[in-house]
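> Have a look; sequence and predicted model below, questions after that.
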Amino acid sequence: MALKGNHPLMEQEVKDFFLSPAPSTRIVHTTFDKGHGRIERRIYSLDTNIEWFEDKKEWKHLAAFGMVESIVTRKGKECREIRYFITSLTDVKQFAKGVRSHWAIENNLHWCLDVLFSDDACTVLDRNAAENLAIIRRIVYNRIKMLSKMDTLSMGKRACIYDDNFRAQILFSC
């Protein structure tokens, strides 16, 4: 689970923990990716030293804290990002695979929503209306994916446009 604004105190404690000198329980794994006009190096750090964490009893399967530092070089410019995680995993390579898998799913969904439904081009300014439209797009996306026997999602979307029965099935069937 990524630590962001969802648990600010916990995030700060984990951040401070990783800023301290690395104990022997800290394992590091580095990966390199090149493509799309950029070079990305990811440094995965996993530390199973959680005894100091006072709230560990509230997290049933907590086994380690993780940190991912992404260093992206594009057109000679370097950009760094650090993210923090809590995990039940104790193998740094499994942790790295889990983090990457999560982002692959997230990126794939975002790409599909943008390409199929022009999600990023939505000019609705009212925050509630924009959020409601985003939820509706995700529901329709999932319904097409679940009920369509088409080869691609774009074909399923096109079927919604031309086939009244299919559109009704996507919108109203349970």
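Yes, it's here. The model shown is predicted, which means the values in this text are computed figures rather than measured ones.
> which residues of the protein score low on pLDDT?
Across the chain, the ranges flagged by pLDDT under 70 are 102-108, 110, 174.
> what about the strands in it?
Here the chain has its strands, by DSSP state E, at 2-3, 26-35, 38-47, 64-74, 77-87.
> I'd like those as a markdown table, with distance to T123 and mean neighbour count appended.
All C-beta atoms are positioned from the backbone trio N, CA, C, and that covers glycine. Converted to a markdown table, the strands of the chain look like this (distance: least, Cβ to Cβ, whole Å; neighbours: other Cβ atoms under 10 Å):
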| stretch | distance to T123 | mean neighbour count |
| --- | --- | --- |
| strand 2-3 | 30 | 18 |
| strand 26-35 | 32 | 13 |
| strand 38-47 | 29 | 18 |
| strand 64-74 | 28 | 19 |
| strand 77-87 | 28 | 15 |
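> Can you convert those into a markdown table and add a column each for distance to V140?
A markdown table is the format used below for those (distance: least, Cβ to Cβ, whole Å):
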| stretch | distance to V140 |
| --- | --- |
| strand 2-3 | 27 |
| strand 26-35 | 31 |
| strand 38-47 | 32 |
| strand 64-74 | 32 |
| strand 77-87 | 30 |
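> And those: which comes nearest D119?
Nearest to D119 among the strands of the chain is strand 2-3; the distance by Cβ to Cβ comes to 21.6 Å.
> Packing partners of that closest one?
helix 8-19, strand 77-87 (3 or more Cβ pairs under 8 Å, 6 or more residues apart in numbering; DSSP states H and E).
> Show me which positions of the first one end up buried.
Neighbour-count burial for helix 8-19 flags 10-11, 13-14, 17-18 (criterion: 16 or more other Cβ atoms under 10 Å).
> ok so, going back, G98: which of the helices and strands packed on strand 2-3 is closest?
From these, taking Cβ to Cβ, the stretch that ends up closest is strand 77-87, at 7.3 Å.
> tell me the angle of the closest one relative to strand 64-74?
160 degrees (axes from the mean of the first three to the mean of the last three Cα atoms, to 10 degrees).
> For strand 77-87, give me every contacting residue.
1-3, 10-11, 14-15, 18, 46, 59, 62-73, 95, 98-99 (Cβ atoms under 8 Å, 6 or more residues apart in numbering).
> how far out from the middle of the chain is that strand?
Centroid separation for strand 77-87 versus its chain: 13 Å, with Cα atoms, centre = their mean, to the nearest Å.
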